[in-house]
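Show me how the following folds:
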Amino acid sequence: MTIDSAVGTGTVTTGTLWDLLSDRARTSRERTMLIDEHGRRETFGSVVDAVERVAAGLLAQGISAGSTVSWQLPTRIDTVVLSMALARLGAVQNPIIPIYRGREVGAMVDQCASEWLITLERFRGFDHRAMAEEVRENARGPLELMVITDGLPDGDPATLPAPPTDGDAARWIYTTSGTTSAPKGVCHSDGTLMAGGLGLADALGATAEDVSTILFPYAHIGGPDMMVAGLVTGMALVIMEVFEPVAAVELMRGNSVTVTGGSTPHYSLLLAEQRKQPGTALIPTLRALAGGGAPMPESLFRDVLHEMGIPVLHAYGMTECPMITAARPADATELLATTSGRPVLGCEVQIRSEDDEVLPVGVAGRVWLRGSMLFKHYLDDGDIVRPFDEDGWLFTGDLGRLQVDGHLVLVGREKDLIIRKGESISPIEIEVVLSQHPAIADVAVIGLADDVRGERICAVVQLHPDALPLELSDLREHCHESGISPAKYPEQIEFVSEMPRTPTMKIRKQNLRASLAGSSAAEKPRPAAVV
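This is a model prediction of the structure:
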């Protein structure tokens with residue numbers, strides 16, 4: 001493991017995540033690494049010891065270097081330990097967010113050709129064991145099931161083989177929706193994840209004296225991003241299974257958190273808590289909100305700055321490249337409010353025309369990127385797909401322009417994905433489900449701007465001529481019966497007599513978005529918890 005002495009100018013050049021963790025434990029063994037909402041605290045040293053014991057326990061059960069393991073677990077200290085134990089063994093791991101249900105989990109297991117699925121008995125009232133057993137029955141290949149009940153597997157570290165040494169090997173498979181309903185595997189290495197976390201730490205200006213948070217699913221690409229930032233700097237991380245604002249504020253106050261966030265919904269919910277006590281600092285030690293994953297309205301930034309007295313350091317990233325651009329604490333207010341920051345350490349951004357010509361500063365076009373945090377390849381139905389040009393650049397699917405000072409302004413998206421609470425959702429998957437409703441003749445699912453969610457899911461419906469009227473609740477119940485995740489249920493319904501179409505009969509979704517921009521959701525609850 002090699003990191004230049006100054007984070008602000010350093011790059012991760014060699015090594016693995018295990019190297020990074022064990023090196024940090026050697027230099028900061030007694031410093032706090034993780035704190036949870038149940039009062040549990042672990043040091044860097046105690047985490048390393050636990051990781052080795054769990055790795056030995058997993059090895060005894062048959063998981064070793066090269067084993068492919070899907071895991072679906074909430075944000076807990078044990079989840080971090082399990083994930084790092086898999087990294088210590090050199091296993092290939094596929095983290096799955098807990099809100100996903102059988103349809104999605106089965107697709108991910110099949111896409112990754114997983115040999116193991118690790119889950120828990122129940123979480124938030126849902127029977128994960130029963131779902132996992134159903135996934136195992138329907139899996140394309142043999143699938144072993146491990147249900148965590150009374151703690152993680154334990155073993156003798158003396159039985160462990162030497163740790164992996166190749167930080168460039170693709171041993172992480174994150175799944176993301178494409179423009180079709182089937183998820184693709186986004187394959188990362190320890191090296192790409194470490195580069196992303198180093199870029200985050202550098203952008204935040206984080207030090208060992210900071211205390212940050214993971215208040216979102218650790219299975220999200222942002223999980224290792226923040227974890228690496230903690231390992232690089234030596235700062236402690238406060239984690240929480242489910243972001244509930246009142247409890248989160250109390251937890252952060254009690255642990256003197258200095259940086260928190262996650263995405264637009266987190267900013268909005270914390271601002272709502274601030275408004276309950278105007279003029280009094282919500283979390284006195286807090287110096288900034290930080291995050292990404294969804295658009296941030298300028299008005300939200302200005303409200304947070306005015307009412308909470310701290311800036312939002314918003315960033316731009318994607319599963320394929322967790323850190324692309326980010327705001328910095330020293331940026332001028334106008335840049336923080338109106339841009340997505342500038343490229344992070346180790347990342348390059350270009351703006352190109354449709355003809356692939358590099359465009360000058362200030363001209364909008366397609367956003368391309370390359371860098372050490374860029375993923376290795378896609379896994380698509382068993383095939384390895386490398387969507388890079390000959391010089392290693394990737395087209396993000398987004399549209400934007402670069403300013404003279406290097407800051408990026410995003411102006412649109414070519415991709416037809418919905419970014420809801422930081423998660424990429426395929427509208428086609430939802431359309432397939434809704435099209436099976438007997439009253440629906442045609443349907444288009446689009447994302448509409450939303451201050452809380454980033455984007456909300458809107459179903460534009462054309463009914464059969466003789467169909468009875470539909471309510472939003474009818475669509476949501478239909479989705480529930482289909483087995484897709486509640487995060488994909490429509491949050492707004494609009495009716496049209498006929499869909500706008502291109503000459504080739506494709507639905508003009510851009511027309512629908514334009515006509516519905518600024519409309520209110522038929523049902524727009526402000527949740528007590530971000531899921």
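
Show me the strands in the stretch 301-450 of the chain, by range?
Secondary structure of the stretch 301-450 of the chain (DSSP state E, counting those that start in this stretch): strands located at 312-318, 321-326, 342-343, 347-352, 365-371, 377-380, 383-385, 394-402, 408-413, 418-420, 423-425, 440-450.

Looking at those strands, which one is packed in the most?
Of all the strands of the stretch 301-450 of the chain, strand 321-326 has the most neighbours on average by mean count of other CB atoms under 10 Å, namely a mean of 29. C-betas here are computed from N, CA, C, even on glycine.

Can I get that one in PDB? Just the C-alpha atoms.
Taking Å, rounded to 0.1, in the frame of the first residue of the first chain, the C-alpha atoms of strand 321-326 are listed here in PDB:
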ATOM      1  CA  CYS A 321     -17.000   6.200 -11.300                       C
ATOM      2  CA  PRO A 322     -18.000   7.000  -7.700                       C
ATOM      3  CA  MET A 323     -16.200  10.400  -7.700                       C
ATOM      4  CA  ILE A 324     -16.100  12.600 -10.800                       C
ATOM      5  CA  THR A 325     -16.400  16.200  -9.600                       C
ATOM      6  CA  ALA A 326     -16.900  17.700  -6.200                       C
END
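
Under the pLDDT cut-off, which ranges of the protein? List them.
For the chain, the stretches with pLDDT under 70 are 1-14, 177-182, 413, 415, 502-505, 520-531.

Tell me the residue in it that is farthest from the middle.
Residue farthest from the centre of the chain, counting by CA atoms, centre = their mean, is Asp466 at 42.5 Å.

next one: stretch 338-354 to chain centre, how far?
Taking the mean C-alpha point of stretch 338-354 and that of its whole chain, the gap between them comes to 19 Å (CA atoms, centre = their mean, to the nearest Å).

Same check on stretch 419-433?
14 Å.

possible to save the strands of the stretch 301-450 of the chain as CSV with distance to Glu431?
Below are the strands of the stretch 301-450 of the chain laid out as CSV (distance: least, CB to CB, whole Å):
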stretch, distance to Glu431
strand 312-318, 22
strand 321-326, 28
strand 342-343, 35
strand 347-352, 30
strand 365-371, 26
strand 377-380, 20
strand 383-385, 24
strand 394-402, 19
strand 408-413, 18
strand 418-420, 11
strand 423-425, 11
strand 440-450, 5
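
Please identify which of those is closest to Asp303.
When the strands of the stretch 301-450 of the chain are compared by CB to CB, strand 312-318 sits nearest Asp303, at 9.7 Å.

what packs against the helix or strand where Glu477 lies?
Glu477 belongs to helix 472-482 when assigned by DSSP states H and E. Judged by 3 or more CB pairs under 8 Å, 6 or more residues apart in numbering; DSSP states H and E, the packing partners of helix 472-482 are helix 427-434, strand 492-495.

Recalculate using a threshold of 7 Å.
helix 427-434 (3 or more CB pairs under 7 Å, 6 or more residues apart in numbering; DSSP states H and E).

Relative to the whole chain's centre, how far out is the helix it packs on?
So, by CA atoms, centre = their mean, the centroid of helix 427-434 is 22 Å from its chain's centroid.

Let's see it as PDB, backbone CA atoms only.
The C-alpha trace of helix 427-434 is given here as PDB (Å, rounded to 0.1, in the frame of the first residue of the first chain):
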ATOM      1  CA  PRO A 427     -38.000   3.100 -16.100                       C
ATOM      2  CA  ILE A 428     -38.400   0.100 -18.500                       C
ATOM      3  CA  GLU A 429     -38.500  -2.300 -15.600                       C
ATOM      4  CA  ILE A 430     -41.400  -0.400 -14.000                       C
ATOM      5  CA  GLU A 431     -43.100   0.000 -17.400                       C
ATOM      6  CA  VAL A 432     -43.000  -3.800 -17.900                       C
ATOM      7  CA  VAL A 433     -44.800  -4.300 -14.600                       C
ATOM      8  CA  LEU A 434     -47.400  -1.500 -15.100                       C
END
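
which other residues reach the helix holding Glu477?
For helix 472-482, contacts defined as CB atoms under 7 Å, 6 or more residues apart in numbering pick out Val433, Leu434, His437, Ala459, Lys488, Tyr489, Pro490, Ile493, Ala522, Glu523.

and which of those is nearest Gly400?
Sorting the contacts of helix 472-482 by distance to Gly400 puts Lys488 at the head of the list, at 26.9 Å, by CB to CB.

The closest one against Ile430, yeah?
Yes. The criterion here is CB atoms under 7 Å, and Lys488 meets it with Ile430 at 5.4 Å.

now could you export just the CA positions of stretch 220-238 as CSV?
Backbone C-alpha positions of stretch 220-238 (Å, rounded to 0.1, in the frame of the first residue of the first chain) are rendered in CSV as follows:
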residue,chain,number,x,y,z
HIS,A,220,-24.2,1.5,-2.2
ILE,A,221,-21.1,2.5,-4.1
GLY,A,222,-20.8,5.4,-1.7
GLY,A,223,-20.2,3.0,1.2
PRO,A,224,-16.6,2.0,0.4
ASP,A,225,-16.1,5.6,-0.9
MET,A,226,-16.6,7.0,2.6
MET,A,227,-15.0,4.0,4.3
VAL,A,228,-11.8,4.5,2.3
ALA,A,229,-11.9,8.3,3.1
GLY,A,230,-11.9,7.3,6.7
LEU,A,231,-9.0,4.9,6.3
VAL,A,232,-6.9,7.3,4.4
THR,A,233,-7.4,10.1,6.9
GLY,A,234,-7.9,8.2,10.1
MET,A,235,-11.2,10.0,10.8
ALA,A,236,-14.0,8.1,12.7
LEU,A,237,-17.3,7.2,10.9
VAL,A,238,-20.7,7.2,12.6
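
Not counting its own residues, what contacts it?
For stretch 220-238, the external contacting residues (CB under 7 Å, 6+ apart) are 3, 7, 20-21, 24, 28, 31-35, 80, 97, 174, 193-194, 196-198, 200-201, 206-208, 210-214, 216-217, 251-252, 255, 257, 293, 319, 322-323, 422.

same thing with stretch 128-147?
For stretch 128-147, contacts defined as CB under 7 Å, 6+ apart pick out 72, 101-102, 105-106, 109-110, 113-122.

which of those residues count as buried?
72, 101-102, 105-106, 109-110, 113-120 (16 or more other CB atoms under 10 Å).

Farthest pair within those?
Top of the distance list for the buried ones among the contacts of stretch 128-147 (CB to CB): Ala113 and Leu120, 22.9 Å.

can you pull out the helices in the stretch 151-300 of the chain?
All helices of the stretch 151-300 of the chain, identified by DSSP state H, counting those that start in this stretch, fall at 190-204, 222-233, 245-254, 264-274, 298-308.

quick one: the longest one to strand 321-326, angle?
With axes from the mean of the first three to the mean of the last three CA atoms, to 10 degrees applied, the angle from helix 190-204 to strand 321-326 works out at 20 degrees.

tilt between helix 190-204 and strand 347-352?
If you take the same axes, to 10 degrees, helix 190-204 sits at 90 degrees to strand 347-352.

now for helix 190-204, which elements pack on it?
Counting by 3+ CB pairs under 7 Å, 6+ apart, helix 190-204 packs on strand 12-14, helix 17-27, helix 222-233, strand 321-326.

Other residues contacting the last one?
The contact list for strand 321-326, computed with CB under 7 Å, 6+ apart, reads 196, 199-200, 203, 221-222, 225, 313, 315-317, 340-344, 347, 349, 369, 371, 373-375, 408.

before we move on, what about the second one?
Contacts made with helix 17-27 from outside it, assessed by CB under 7 Å, 6+ apart, are listed as 1, 44-45, 48, 84, 87-88, 163, 190, 193-194, 228, 231, 234.

Tell me which helix or strand comes right after that helix.
Following helix 17-27 in sequence, per DSSP H and E, is strand 32-36.

Just the buried residues of that following strand, please?
Buried positions in strand 32-36, judged by neighbour count with 16+ other CB under 10 Å: Thr32, Met33, Leu34, Ile35, Asp36.
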